[in-house]
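>>> Have a look; sequence and predicted model below, questions after that.
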Amino acid sequence: MVTHFYIFRNSTVELFFSALNASYSGYNEISHIPDDADRYIWAYLPPVKTDIIKFVLEIETFAQQLQFVLSKIKPQKACYAFTMYNMYYLYHETGNYVINSAIEKYNDNLYALAHTHHHLKIIDFSHFCRHYPLQSLIDWKYYYLSQIQLNPKLSSDFHCWLQNEIDAIEGKRKKCLVLDLDNTLWGGILGEDGIEGIQIGNTYPGSAFLDFQNNLLELAKNGVLLTICSKNNEQDVLEAWEKNPFLQIRKEQLAAWRISWQNKAEMIVSLANELNIGLDSMVLIDDNPAERALVKQIYPLVEAPDFPKQPYLLPAFFEKICTNYFQSYKLTDEDKTQLEHYKANAERLSFQQSFVAFDDYLKSLHIELTIHTLNTINLPRIAQLTQKTNQFNLTTKRYTDEELQKFLVYCLDVKDKFGDNGITGVVIVSTDIKAEIAYIDNFLLSCRILGKQIETVFLKFVLNKLKVSGFSTIYASYIPTLKNAQVSDFYDSHGFKLDETDLNGTKHYRCSMQELDLTIPEIYKINTT
């Protein structure tokens with residue numbers, strides 16, 4: 001389903017939102033607020049006025065108008081509001097800060113509104129504007145001909161920037177950085193220059209690589225997995241990690257690594273398999289254009305941006321990869337502990353090898369499931385899971401925080417002897433209590449908790465809850481995608497009856513509560529909140 005945006009504006013902006021399925025208000029028109037829009041955008045730009053008093057008064061009315069609009073928009077629908085950035089400076093009195101103060105006050109009002117209206121998300125317009133000289137932001141020809149305040153030549157750049165901002169709000173970002181070593185994380189070649197000869201430290205060019213590694217570590221703290229994929233002698237690299245004091249990224253900060261003379265494309269697939277993530281979740285950072293071209297040719301789902309030719313360009317490069325691939329509007333607790341989750345999963349896999357009987361392995365894990373209903377604390381994480389979970393996802397429907405609030409939602413927190421995985425499972429249900437019917441709109445789990453029959457326990461728990469609440473018949477669907485074939489028979493294997501398969505391959509199921517075995521094995525400890 002294509003998302004429909006309704007855009008409130010005070011000037012001509014259609015060119016900049018043409019990539020969206022959008023309709024528009026009249027200039028400064030807020031009397032009509034259509035109910036059929038899926039999202040709303042507040043795209044008010046600062047007025048072009050030479051009278052400072054009129055400028056300030058008009059901006060003040062913009063904030064009041066937005067507050068009115070928010071009161072009329074259903075809280076289940078998101079509204080994205082742009083901050084204001086002064087694109088036209090005309091000062092007769094350089095010590096007069098009235099205009100700047102008015103814009104700052106307007107922006108402060110936006111952030112204050114976002115605290116009280118959780119469906120309001122703020123997009124900082126200055127992040128776009130600051131990449132261009134002030135004089136290039138407005139083309140006066142188009143302003144006078146068509147009331148276009150932002151230069152039309154910037155529309156293509158704006159489309160890319162806006163999509164990145166929307167993806168960040170909706171929790172869509174890559175998961176993993178695949179890092180080369182020589183001339184990427186440090187200057188020089190380890191095998192030729194030696195541990196002390198590679199360039200990293202407090203003087204240029206080593207200082208640029210040092211800052212680059214520290215910046216990458218900040219990404220890791222915010223939930224991005226760091227991995228190494230390098231053609232090198234592994235023992236040389238392990239020794240460098242141990243002996244070179246300037247190296248910031250060492251094996252302790254890595255989710256996994258592949259250091260050998262294998263084909264890089266094969267090593268990347270091996271990393272993806274170990275971490276149980278899709279290739280489309282990975283971004284390769286490599287200074288060698290031939291290696292990047294090879295990976296892109298064989299596995300086009302892997303992003304491989306051009307690497308800068310000079311080390312002093314690394315800060316701008318880092319900003320670019322953050323913006324294009326790893327932005328997040330709001331981080332969850334699970335984001336901040338991703339590395340620990342993946343390391344614990346590796347320990348589980350190793351531990352499993354010591355057991356002959358699978359049931360004995362499950363018992364030894366001491367699995368504890370805590371099942372919550374939707375609340376303000378877990379809402380962002382649940383929305384994030386709907387956006388980025390692809391493999392164990394029965395319908396792959398994506399939801400924002402606001403849209404989830406119209407459903408009955410259960411989420412799952414999984415803990416065992418190796419650690420707490422956090423919220424890693426979601427069941428979304430719509431109900432008709434009069435007809436005693438419930439419909440499982442979606443069922444999804446993070447791949448890192450699969451393989452322990454937790455999905456079966458979670459489903460049975462939810463069905464038990466629905467049965468106690470008076471629902472006698474449950475409907476569900478499986479919508480096929482390129483990535484979720486592993487769950488194509490999930491409902492069949494759990495007692496649901498197939499009603500039909502439509503032309504798109506969607507399978508529609510139903511079940512009677514009376515026909516299901518909803519017994520949960522005692523080896524799973526279950527808590528509820």
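Structure's in. What do you need? Numbering: from 1, shown residues only.
>>> Neighbours of I382, how many?
Using other Cβ atoms under 10 Å, I382 is surrounded by 25 other residues. Glycine gets a C-beta too; all of them are placed from N, C-alpha and C.
>>> On the pLDDT front, check it for me.
Note on I382: pLDDT of 94.
>>> Assign it to helix, strand or coil.
At I382 the chain is in helix, as set by DSSP: H, G, I helix; E, B strand; the rest coil.
>>> for the stretch 101-250 of the chain, what spans make up the strands?
120-123, 176-179, 225-231 (DSSP state E, counting those that start in this stretch).
>>> got the ones you listed as a markdown table, with distance to I382, mean pLDDT and mean neighbour count columns?
As requested, these are exported to a markdown table (distance: least, Cβ to Cβ, whole Å; pLDDT from 0 to 100; neighbours: other Cβ atoms under 10 Å):
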| stretch | distance to I382 | mean pLDDT | mean neighbour count |
| --- | --- | --- | --- |
| strand 120-123 | 16 | 97 | 22 |
| strand 176-179 | 22 | 98 | 24 |
| strand 225-231 | 21 | 96 | 23 |
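>>> Just tell me which of these ends up closest to K77.
strand 120-123 (10.6 Å; Cβ to Cβ).
>>> Alpha carbons of that closest one, as PDB, please.
Output of strand 120-123 as PDB, limited to C-alpha atoms (Å, rounded to 0.1, in the frame of the first residue of the first chain):
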ATOM      1  CA  LEU A 120       4.700  14.900  15.800                       C
ATOM      2  CA  LYS A 121       8.200  14.100  14.500                       C
ATOM      3  CA  ILE A 122      10.600  16.900  13.900                       C
ATOM      4  CA  ILE A 123      12.800  17.100  10.800                       C
END
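>>> hmm, who's touching it?
Strand 120-123 is contacted from outside by 70, 78-83, 110-111, 113-114, 162, 165, 169, 329, using Cβ atoms under 8 Å, 6 or more residues apart in numbering.
>>> Could you list the domains of the protein?
4-169, 176-326, 333-528 (automatic domain parsing).
>>> burial measure for L503, as a count.
L503 - counted by other Cβ under 10 Å - has 5 other residues nearby.
>>> How much space separates it from I440?
22 Å (Cβ to Cβ, to the nearest Å).
>>> thinking again about what came up before, derive a PyMOL selection command for the buried subset of the contacts of strand 120-123.
Provided next is the PyMOL selection string for whichever of the contacts of strand 120-123 are buried by 16 or more other Cβ atoms under 10 Å:
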select buried, resi 70+78+79+80+81+82+83+110+113+114+162+165+169+329
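>>> give me the element the closest residue to K172 other than its chain neighbours is part of.
Nearest in space to K172, with sequence neighbours left out and distances taken as Cβ to Cβ, 6 or more residues apart in numbering, is Q387 at 5.1 Å. Under the criterion of DSSP states H and E, Q387 resides in helix 379-388.
>>> can I get the strands of the stretch 101-250 of the chain in JSON lines with distance to A240?
Converted to JSON lines, the strands of the stretch 101-250 of the chain look like this (distance: least, Cβ to Cβ, whole Å):
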{"stretch": "strand 120-123", "distance to A240": "42"}
{"stretch": "strand 176-179", "distance to A240": "14"}
{"stretch": "strand 225-231", "distance to A240": "11"}
